[in-house]
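Student: No sequence on hand, only this structure:
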């Protein structure tokens, strides 16, 4: 079984980087709408979305924010990270079938609270910047090496 480890606050250095990628699929849009309650037709209704400036359905902006959250939780600092804040600027729409790559870079460390600030950028498969921002997290103090958690199994019913 694959394993995952984290970076403790003491191991993290300013300038350290990590990446994380995810393919945005129909199921992601459906699940995000169900969990968040955001059923805006621009995300769910192809006919409605065809008449918008984007000429088709787009993913929820905060779905990309959630992918950034996954990058922080799974890559840098990794398991045990506590999210404190996030700023996001949405630059381009994300569509079903896009592969989003999150690029993280540590820009600051605050020793007193063991807070790490990271620059967060999300790119699509064409290397176009779709979201930018920064996050503050409390990095773990304990080193972890754990089995990679299984994704929950879900079923969508119409």
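Tutor: Arrived safely. It should be emphasised that the depicted structure is a prediction, and the values quoted were computed from it without experimental measurement.
Student: who touches the longest strand seen in the chain?
Tutor: Ranked by residue count, the top strand of the chain under DSSP state E comes out as strand 99-110. Applying Cβ atoms under 8 Å, 6 or more residues apart in numbering, the contact partners of strand 99-110 are 9, 12-24, 64, 67-68, 70-72, 75-76, 94, 115-125, 130, 134. Where you see a C-beta, it was placed from the backbone N, CA and C, and this is true even at glycine.
Student: Show the buried residues in those.
Tutor: 9, 12, 16, 18, 20, 22, 24, 64, 67-68, 71-72, 75-76, 94, 115-118, 120-124, 130, 134 (16 or more other Cβ atoms under 10 Å).
Student: Please work out how many residues are found near residue 143.
Tutor: When counting by other Cβ atoms under 10 Å, one arrives at 13 neighbours for residue 143.
Student: Hmm, residue 93 and residue 24 touching each other?
Tutor: No: the pair residue 24 and residue 93 fails to qualify as a contact (Cβ atoms under 8 Å) at a distance of 10.8 Å.
Student: shared neighbours of the two, anything?
Tutor: Common neighbours of residue 24 and residue 93 (Cβ under 8 Å, 6+ apart) are residue 59.
Student: Identify all contacting residues around the lengthiest helix in the chain.
Tutor: In the chain, assigned by DSSP state H, the helix with the most residues is helix 61-74. Here helix 61-74 makes contact (Cβ under 8 Å, 6+ apart) with 4, 18-20, 22, 24, 28-29, 32, 36, 38, 79, 81, 83, 86, 88, 90, 94, 100, 102, 104, 118, 120, 122, 130-131, 133, 135, 137.
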